[in-house]
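1. The following block contains a protein sequence and its predicted model.
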Amino acid sequence: MSPARERRRPRPSTVNTASDNARIGIQGTVIGDVRYEIKDGDPPEKKFAVAKRCLAGKMPPQARRLIEEAVQEALVTPESTRSLVNEVAYYWTIAVLSDQPFEVLEREEFAALDRARWLCQKGPADSWRDAHRAVTGLIACLQGQEQTGTFDSGALDAFLSAFDRLPDDRRREIYRHLDPILSNVLRDRREADLLDIARRQRTADDREERVWKFFEPDPEPPRPKPLRRPDFGPFEQAAAVCGAALVAGGLALAFTLVTLGSADTAVITGGVVLAGTWILLLWGPGQLPGRYSALYPRRPRPAPTDFSAHVERTVRQQFDKHAPTSAAQRSRWAVATMRARTLLAQDIVDRYADPEVSPGAVDWLIAWYAENTARRWTAREPEDPDRLLRLSMLAVGLGTFVGGWYYALDEMTKVQKTVATVAVLWLVAGAVLLARSRADVYVARRHSVAADQAEADRILEEETFAHEERVELLADRPDDDEMAQWLDYDKIYLKTLAMNQYGLTNRDLITHAVLPEGTETARRSRVKGGQPRFSAYVVWVFLLTVSGVRQVKMHLDFPTGVASDQQRTAFRYDAIASAQVEEVGIRFDDGHREVVLPRTDEEKDRIRQSAVPIYQEFRLELVNRHTIGITVDTFNAVLLEQLLEEQQAPPSPDLADLTGALSLLETVAADGRKWLEQTRIRRGYKPLDTEPDFPATA
């Protein structure tokens, strides 16, 4: 297969379908990619490379697991003096701390940080070592502050100095992953720089012009229009022979009867009938493309499918999108394009239903046809410029044909009424048999096969050119890393926006949490193995202060980065009645979609056997019975494909998939105002110069 054809091959995607009373809230597409996949037997070098890509895509739990596996498989050891050992220790530390507020770190995280520090104790002096020491110095500063109750400004100044000397890539990386920690430590002195970076980076790289392309499926290459040939089997052939014989017999009787009356009349009526017949044969097939055109959608139509329903819905949406604004013009547009809509939907279904493609893969073609139709409508270009001429010629031919036969029948009945009746019956029966055999269709299509093939080639050439333009348009589609970075910078910006709304500074914050939740009407897409991305989010910002919690809810239009519809709520810690994280699953029985909310451990074990985990929902209930509900999407669409293929059961999503934000809120709800003091008790620090238990290498 040529490289060009290989690039046009459809990529895997996921399509949501619904039947009966089911309802789909968010439609999604999966973009093919292998950047996050690990196979059994892959070397530790491959695992470390994939771990770094997972960190770039903001999947720290997966990155941490892969790095620890690579270290256990002796990628590097504490005795190593290579630069790689510093790089591994740095990314291991970042994976442990990513999106985790310092207040929720437990013994396990601190043990992992110690192992990473001891791993690179003999590493060379390079930029990776500088970056790792800067991060560990920050953690040591915070540990000292928490254990002694005093703030060591010298240690913070040392961190800031080391941080400023790091390369730009390392500083941006630390900004992204350690924002919950840095926001509390850097205070106002660094907040201005951080906000400036977020403001610039959240709209960088033509975000508004490119984000929408991430949600567009790969366009399916155009397929040629099939030239449909009529069935002309034994039954049709027999019907055609019998029909032709009856017509010939009827014509012979009719001509004989008219000749017996008057030879001149026979010649005149015969010529008139032949002229009318010739005009009808010449201009009639073009007016009846459903019967005679080899390019017309097939008849009868196949049974409706989910694919055909999607195509019809998309055709309707695209044509409505290009409709005029005034009510009168919209009505004219709807009537004028009714036939074009129907034929386009039928043509797309005929060409792309077998083998079936992802419905979204042909949306570009439907949009292209709708745009062309709107352009011709605006320019007042007739859809069929020969239609009026064809109708006029058909009227002339039909009038000539009917007039000739009317005069001939009058002459025939004058000569012999009974024989004339027999001749008419033979003609009618023969015409019915010929029509049933579709002999006229067979002859017409054989006569026009060259013209039909040329028309099919012309259409394919135009669609191919349009497809190439579409592929070129999507060539700069943002990758998953860019989408993750833009969202991270949005979260930083929106946190600052919420602080300004309440008049807070970083000195007023104990910590914060930012949770983006995809809206029900948002477009959704994801790369294979990556996180789902949405075109619109509801962003929840929780600001934890000494006096209580400030919460801001706002709508984020992701392509533009515009935040709107802010809703603010404030409450004290003792106003929190309960908080919980529930696993929300979807169970499919008999084609119905049912939401499953397990409430006990026994129910969870039972339901997990038949339900696919889709979301995790955080519910915070206040004493005034006001409830804050946040749904975080953790569903991996590939799992559904694996279920359908009966490959393996999906794993349950882990709380770590929600970063550290939900853990923090759940802890605050459980401990109230004493949660900071209890955090110190839960942690059990050990001296930083104590050698940790290091796992044996394989």
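-> Sure, I can see it. Residues are numbered from 1 along each chain as shown.
2. three-state assignment of R332?
-> Three-state call for R332 (DSSP: H, G, I helix; E, B strand; the rest coil): helix.
3. So for it, what pLDDT did the model give?
-> At R332, the model reports a pLDDT of 86.
4. and it, what is it in contact with?
-> Contact partners of R332, counting by CB atoms under 8 Å, 6 or more residues apart in numbering, are P324. All C-beta atoms are positioned from the backbone trio N, CA, C, and that covers glycine.
5. now it: how far from Y369?
-> Applying CB to CB, to the nearest Å, the value for R332 to Y369 is 19 Å.
6. can you pull out the helices in the stretch 1-150 of the chain?
-> 3-8, 44-56, 60-72, 83-97, 107-119, 127-148 (DSSP state H, counting those that start in this stretch).
7. possible to save the ones you listed as JSON lines with mean pLDDT?
-> Below are these laid out as JSON lines (pLDDT from 0 to 100):
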{"stretch": "helix 3-8", "mean pLDDT": "43"}
{"stretch": "helix 44-56", "mean pLDDT": "92"}
{"stretch": "helix 60-72", "mean pLDDT": "92"}
{"stretch": "helix 83-97", "mean pLDDT": "94"}
{"stretch": "helix 107-119", "mean pLDDT": "92"}
{"stretch": "helix 127-148", "mean pLDDT": "86"}
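8. Tell me which of the ones you listed sits nearest to I268.
-> I268 lies closest to helix 3-8 among these, at 62.4 Å (CB to CB).
9. Go through the helices of the stretch 1-150 of the chain and pick out the most buried.
-> Ranked by mean neighbour count under mean count of other CB atoms under 10 Å, these are led by helix 83-97, which reaches a mean of 24.
10. quick one, that one and helix 127-148 angle?
-> The directions of helix 83-97 and helix 127-148 differ by 40 degrees, with axes from the mean of the first three to the mean of the last three CA atoms, to 10 degrees as the criterion.
11. Could you list every helix and strand that helix 83-97 packs against?
-> Secondary-structure packing of helix 83-97 (3 or more CB pairs under 8 Å, 6 or more residues apart in numbering; DSSP states H and E): helix 44-56, helix 60-72, helix 107-119, helix 127-148, helix 168-177.
12. angle of the last one against helix 83-97?
-> What it means is helix 168-177. Interaxial angle, helix 168-177 versus helix 83-97 (the same axes, to 10 degrees): 20 degrees.
13. what mean pLDDT does helix 168-177 have?
-> Here helix 168-177 scores 91 as its mean pLDDT.
14. how's this structure carved up into domains?
-> Split into domains by automatic domain parsing, the chain comes to 25-185, 234-471, 502-683.
15. highest average neighbour count across those domains?
-> For the domains of the chain, the highest mean count by mean count of other CB under 10 Å goes to domain 25-185, at a mean of 19.
16. Which residue, neighbours along the chain excluded, lies closest to A367?
-> The shortest distance from A367 to any residue other than its chain neighbours is 5.0 Å, reached at Q318 (CB to CB, 6 or more residues apart in numbering).
17. so where does that neighbour fall, helix or strand?
-> helix 306-321 (DSSP states H and E).
18. do the same with I510
-> strand 509-518.
19. Now do that strand: which elements does it pack against?
-> On a contact count with 3+ CB pairs under 8 Å, 6+ apart, strand 509-518 meets helix 179-185, helix 480-502, strand 536-545, strand 627-633, helix 661-671.
20. Just the CA atoms of the third one, as CSV, please.
-> In other words, strand 536-545. Presented in CSV, the C-alpha positions along strand 536-545 are these (Å, rounded to 0.1, in the frame of the first residue of the first chain):
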residue,chain,number,x,y,z
ALA,A,536,-16.3,22.9,27.3
TYR,A,537,-15.9,22.4,31.0
VAL,A,538,-17.6,23.3,34.3
VAL,A,539,-14.6,24.3,36.4
TRP,A,540,-14.9,24.1,40.2
VAL,A,541,-12.3,26.1,42.2
PHE,A,542,-12.1,25.4,46.0
LEU,A,543,-10.0,27.9,48.0
LEU,A,544,-9.3,26.7,51.5
THR,A,545,-8.6,29.4,54.0
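21. got the helices and strands packed on strand 509-518 as CSV, with distance to Q147 columns?
-> Compiled in CSV, those are given as follows (distance: least, CB to CB, whole Å):
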stretch, distance to Q147
helix 179-185, 16
helix 480-502, 28
strand 536-545, 21
strand 627-633, 33
helix 661-671, 19
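22. and the residue nearest to A367, what does it touch?
-> Contact partners of Q318, counting by CB under 8 Å, 6+ apart, are D363, I366, A367, Y369, A370.
23. got it, and D476?
-> The neighbourhood of D476, defined by CB under 8 Å, 6+ apart, consists of D206, R210, K213.
24. Wait, Y352 touches V362, no?
-> Yes - Y352 is in contact with V362 according to CB atoms under 8 Å; the separation is 5.4 Å.
25. shared neighbours, those two?
-> Counting by CB under 8 Å, 6+ apart, the contacts common to Y352 and V362 are E220.
26. got a list of contacts for stretch 366-377?
-> Here stretch 366-377 has contacts from 311, 314-315, 318-319, 321-322, 333, 336-337, 340, 344, 348, 383, 463, 466, 470, using CB under 8 Å, 6+ apart.
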